[in-house]
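Participant: Give me a model of this one.
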Amino acid sequence: MPATIQVVLQSDVENVGKSGDLARVRPGFARNFLIPRKLALPATTAAVNRINHEKAVAVSRTEKTKRESKDLASQIDGLVLVISQRAGEDKKLFGSVTTKDIEAAARAKGVYFDRKKIQLADPIRTLGKYDVAVRLHSDVIATLKVEVIAK
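Facilitator: Numbering: from 1, shown residues only. The predicted model follows:
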């Protein structure tokens, strides 16, 4: 009986490895715990090839989204949005400018992105010019200029 066998992990297992890893484990642990719970598969040639293919597809998908994010970031960096809101005498707004308002103003200019990607700590409550960060990808951050004026 071999001291260890190789398995391909289907999901993350603490102290063993991450999903898609090729791990060496004791035969009883694999036979009694990992395989019945569908946490791992025996490391056959077909299973290893399938995991390698899935990793390659994931890498190409990530590169594609990063490239698209960089293209969108180049559009956003030169964009200045002017949002008009009702304001009081002391330059305070009646209400606030939120990510939804910023997204609507960007869509009006023909630039489309999800408002959940806008990083606005608090809603804008006063008149003025603001730099707003938009995180399009884990590595790609664009800066959007927002100018809030009185109606």
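
Participant: in the helix or strand Ile76 falls within, what's buried?
Facilitator: Using DSSP states H and E, the element containing Ile76 is helix 45-77. By neighbour count with 16 or more other C-beta atoms under 10 Å, helix 45-77 contains the buried residues Ala47, Ile51, Ser69, Leu72, Ala73, Ile76. Where C-beta positions appear, they are placed from N, C-alpha and C, glycine not excepted.

Participant: what does stretch 143-151 give?
Facilitator: Here stretch 143-151 shows Leu144, Val146, Val148 as buried, counting by 16+ other C-beta under 10 Å.

Participant: Surely Gln10 is in contact with Pro42?
Facilitator: No - using C-beta atoms under 8 Å, Gln10 makes no contact with Pro42, being 11.4 Å away.

Participant: The two: who's more crowded?
Facilitator: Neighbour count, other C-beta atoms under 10 Å: between Gln10 and Pro42, Gln10 has more, with 17 against 13.

Participant: Grab the CA positions of the biggest strand by length in the chain and hand them over as PDB.
Facilitator: Criterion DSSP state E: the longest strand present in the chain is strand 141-150. Output of strand 141-150 as PDB, limited to C-alpha atoms (Å, rounded to 0.1, in the frame of the first residue of the first chain):
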ATOM      1  CA  ILE A 141      -8.400  52.200 -11.200                       C
ATOM      2  CA  ALA A 142      -9.600  55.200 -13.100                       C
ATOM      3  CA  THR A 143     -10.200  58.700 -11.800                       C
ATOM      4  CA  LEU A 144     -13.400  60.500 -12.700                       C
ATOM      5  CA  LYS A 145     -13.800  64.200 -12.300                       C
ATOM      6  CA  VAL A 146     -17.200  65.300 -10.900                       C
ATOM      7  CA  GLU A 147     -18.300  68.900 -10.700                       C
ATOM      8  CA  VAL A 148     -21.400  69.600  -8.700                       C
ATOM      9  CA  ILE A 149     -23.100  72.900  -9.500                       C
ATOM     10  CA  ALA A 150     -26.300  74.600  -8.300                       C
END
